[in-house]
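*Asks:* curious how this folds, go ahead:
(2 chains)
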Amino acid sequence: MVIGYEEGPRGARPVFITDPAQVGRLIFDARCVQNLAAYLSPRRAHLVPLGRRAVVVKGCDARAVAGLIRESQLKREDVCLIGVRCGGVSAHPAPHPEENARSPAGTIADRCAECDCREPKLADHLVGELPLAPPGVKRAQERIAKLSSMSHAERWNFWRNELSRCVRCHACREVCPLCFCERCIADKTQPQWIESSPHARGNLAWQMTRMLHQAGRCAGCGECERACPAQIPFGLIAGKITQMLQERYGYQVSDNPDVPAPIGTYRLDDQQEFIL
Amino acid sequence: MSGGKSSMLRADGVAGLVADWLTSGKRVIAPAVTGAVDAAVAGASGYLAYRPISRPEEIGLKRLLGGDMPRFSAKEFFLPPTEPLLQWRQKKNDVELAEVSAEFESTVLFGVKPCDAAALELLDKVMGWDYRDELWFGRRQAATVVALACPGVDDSCFCTALGMGPDGARGADLLLTPVEGGYLAETLTAKGEALMDSSGKYFTVAESGEAVSQEARGFREKARRRVEKNFHFDQISGWLGGHFSDAFWDRLALRCHGCGACAAVCPTCHCFDIVDEPDGVDSGTRRRNWDTCQSARFTLHGSGHNPRHSQSARCRQRVLHKFSVFPARFHEILCTGCGRCARCCPAGMDLPDNLRQIEKLAAEGKGL
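*Replies:* Numbering: from 1, shown residues only, chains lettered A, B, ... in the order given. Sure thing, here's the model as predicted:
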């Protein structure tokens, strides 16, 4: 079964092809924002009986696949990866291809603007031409820097407002390829660690827990932010954590499953001044 | 369209009208740009959502008339995402309970999309069915709904297929239709009439009544043409009745992630969960929270058994509830064709497209 992208009623969307006669439906362009690695998560067990999975992956998606392999959720040999060379996906994908099939630099998502993985290395096949280098603008970094420069009170006010819009639909969790827990801590009731109510206390506990669980694991695909109906900028937290991991452990989320992640390793020279 | 009063609300009168409501102590809810306190940091310019406003200028009238749509429906002001039901405090051998009040402040919902207004009436049916939901009806009673005829949003709209329309008056107390220089205002209920009477100076008799009515009709017809769709719901419902175990559902569910974004933005999804949350060692709050049949946990029994164990069963449930179960009990489809579920789905699930596929299978008299 090939998991790729097709032209849907409102633009590009995931498609699951089991009949060779249907491969003509496959497309790839700047509207193909979805990270299809989510369909490789063990929580998608219903896809397994449809046959060995071949999945179309962009560079960032391949990092998520590597994460699943690294964390023993997927065997490399159980999946065929069709890597696509990618010039960045659209920040606001329009439903119709003519509107932004070839996304001009100014409209690509912030996270793509300084992408370093336009050509996935973790792939069995590579498709397409290598597109032009991204514009190299550091919008995402600049936004994180501005947030970091705020006073505690300002930053608290910023996040309190953002999280006040969360209705706990859990789209952020469900689209995330690395949120693969069979039983999420947010769903546990005995004891209940995180209140399920979408009030300030519950939302803060949920979103901070989710983001911390992503430290050193988040592939930076931006799916949580895109899926959020309340437009909460999770990418800011994820990006900040990624920076901290880089500073503290020299770690960059890799699409090589053999590169160990900080959460699963220990070195004598690890910084530990934060341990009381 | 209505047997009520018809008059003219001038465009430059809207600000004064809304300001008067606010001054008189009314809560005013309207579609307004919502989002980050610092849009540059959030990297997003905000979106239209119904929310309480404190100044008339906050109302996103221009965006509404340009065909924009609030991301979430208006249901949250009648069934909030979370609300306290009661509070408890444990005493030595007793428990002290404090119920919440079912009295609510007088509210005007202004600029409501006709599909959102209609949903309120649909939900009245289930909220007043086997148990009369005091909190729902308390809020309903305290609210006056001023709908604004919609110019049509996009290809995902299918309100006309459900016997509604961008000009639909259902669920509204007062309907505004854009005309040159303002809005044709028509009252549809006694509540709407009372609201108009209490702000009489803003509602004037149109100088050329017939011309204004004709212009409003023109706006409505154009909007209808823009979103015109038709489904054979009798056939769809017949097919649903006979294809509970069809392979169609497995196929449909492949791309679904099982998040509840569709239900969260839906004007008619109304399922809720009730939880007890401690506020301290001996006290706590019982709350009612939005829930969704799309979540695996929704039907998970204490024993570990889950009657809707697959996403396929859960996707089927959402379609069946709206187009088969609810109609069987209440003789109406539980959907207003707003198209939000299709717009917000991160995986490209598309209800109108799925209905079209079911309709095709029904016409061919087969399953997948």
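*Asks:* contacts only, for A:Arg210.
*Replies:* Contact analysis of A:Arg210 by CB atoms under 8 Å, 6 or more residues apart in numbering or on different chains lists A:Cys172, A:Arg173, A:Cys179, A:Ala186. Every residue, glycine included, has its C-beta placed from N, CA and C.
*Asks:* can you check the pLDDT for the second one?
*Replies:* This points to A:Arg173. A:Arg173 carries a pLDDT value of 97.
*Asks:* who's in contact with it?
*Replies:* So A:Arg173 contacts A:Cys179, A:Cys184, A:Ala186, A:Arg210, A:Cys224, B:Cys259 (CB under 8 Å, 6+ apart).
*Asks:* and A:His46, how many neighbours?
*Replies:* Neighbourhood size, A:His46 [other CB atoms under 10 Å in any protein chain shown]: 14.
*Asks:* B:Ile358 now?
*Replies:* 23.
*Asks:* can you check B:Gly182 too?
*Replies:* Neighbour tally, B:Gly182, other CB under 10 Å: 20.
*Asks:* OK, contacts around it?
*Replies:* B:Gly182 neighbours (CB under 8 Å, 6+ apart): B:Met8, B:Leu9, B:Arg10, B:Ala11, B:Asp12, B:Gly13, B:Val14.
*Asks:* most neighbours of all these, which one?
*Replies:* Going by other CB under 10 Å, B:Leu9 tops these with 23 neighbours.
*Asks:* in the stretch 1-150 of chain A, what residue is nearest chain B?
*Replies:* A:Arg13 (2.4 Å; CB to the nearest CB).
*Asks:* state the phi and psi torsions of the nearest residue to that residue once chain neighbours are set aside.
*Replies:* Closest residue to A:Arg13 apart from its sequence neighbours, by CB to CB, 6 or more residues apart in numbering or on different chains: B:Gly348 at 2.4 Å. Note on B:Gly348: backbone dihedrals following degrees, to the nearest 10 are phi 80, psi 20.
*Asks:* quick check: B:Gly348 touching A:Ala12?
*Replies:* Yes: B:Gly348 is in contact with A:Ala12 according to CB atoms under 8 Å; the separation is 7.5 Å.
*Asks:* now for those two: what residues contact both?
*Replies:* The contact sets of B:Gly348 and A:Ala12 overlap at A:Gln34 (CB under 8 Å, 6+ apart).
*Asks:* and those two? Which one has more around it.
*Replies:* For B:Gly348 versus A:Ala12, neighbours defined as other CB under 10 Å are more numerous around A:Ala12 (25 against 21).
*Asks:* circling back: which of the contacts of A:Arg210 ranks first by neighbour count?
*Replies:* Going by other CB under 10 Å, A:Cys172 tops the contacts of A:Arg210 with 26 neighbours.
*Asks:* who are the contact partners of it?
*Replies:* A:Gln207, A:Arg210, A:Cys224, A:Glu225, A:Ala227, A:Cys228, A:Ile232, A:Phe234.
*Asks:* and if you look at B:His309?
*Replies:* Contact analysis of B:His309 by CB under 8 Å, 6+ apart lists B:Ala296.
*Asks:* A strand includes it, no?
*Replies:* No: B:His309 is assigned coil when assessed by DSSP: H, G, I helix; E, B strand; the rest coil, not a strand.
*Asks:* re the thing from before, which of the contacts of A:Cys172 are buried? Put it as a ChimeraX command.
*Replies:* The following ChimeraX line selects those of these that are buried, judged by 16 or more other CB atoms under 10 Å in any protein chain shown:
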select /A:207,210,224,225,227,228,232,234
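*Asks:* of the contacts of A:Cys172, just say which sits nearest to chain B.
*Replies:* A:Ala227 (3.6 Å).
*Asks:* which residue is the nearest non-sequential neighbour of the closest one?
*Replies:* Per CB to CB, 6+ apart, closest to A:Ala227 is B:Pro346, 3.6 Å.
*Asks:* strands of the stretch 101-250 of chain B, start to end?
*Replies:* B:107-112, B:143-148, B:174-179, B:182-187, B:203-204 (DSSP state E, counting those that start in this stretch).
*Asks:* ok, residues contacting the first one?
*Replies:* Put plainly, it is strand B:107-112. By CB under 8 Å, 6+ apart, strand B:107-112 touches B:18, B:21, B:26-31, B:50, B:59-61, B:64, B:74, B:77, B:139, B:142-148, B:172, B:176, B:195.
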